[in-house]
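**Q** no FASTA, just this:
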């Protein structure tokens, strides 16, 4: 699935990727990417990294919450920084 380009030439995917890099901890970034981008099931992530599945779930949920909040409230600042 391809995300549409915005009028300023920056895709929604690029803005989201920038938010992932800036707002998430390294562990949140790793787990969010494994789960949403690589589409690895939570149990497989837990097994692969030697973590409890509840830790994986909780970390992904917290990362998703940070991204949601940032994209809602900090999205304008992010877009401005990308234009620079």
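**A** Sure thing, it's come through. Here the structure is a predicted model, which is why all the values come from computation and not from measurement.
**Q** contacts only, for the residue most central in space within the chain.
**A** Central residue of the chain (C-alpha atoms, centre = their mean): residue 20, 4.2 Å from the mean position. Residues in contact with residue 20 (C-beta atoms under 8 Å, 6 or more residues apart in numbering) are 29, 32-33, 67. All C-beta spots, glycine's among them, are computed from the backbone N, C-alpha and C.
**Q** can you tell me how far residue 66 sits from residue 32?
**A** To residue 32, residue 66 is 9 Å away according to C-beta to C-beta, to the nearest Å.
**Q** anything in contact with each of these two?
**A** residue 24.
**Q** among the contacts of residue 20, which two are most distant?
**A** 33 and 67 (11.8 Å; C-beta to C-beta).
**Q** when those two are compared, which one has more neighbours?
**A** Between residue 33 and residue 67, residue 67 has the larger neighbour count (other C-beta atoms under 10 Å), namely 19 against 15.
**Q** show me what the helix or strand where that one lies is packed against.
**A** Assigned by DSSP states H and E, residue 67 belongs to helix 53-73. Counting contacts by 3 or more C-beta pairs under 8 Å, 6 or more residues apart in numbering; DSSP states H and E, helix 53-73 packs against helix 12-23, helix 26-32, helix 42-49.
**Q** now the second one: buried residues?
**A** By that I understand helix 26-32. Within helix 26-32, the residues scored as buried using 16 or more other C-beta atoms under 10 Å are 28-29, 31-32.
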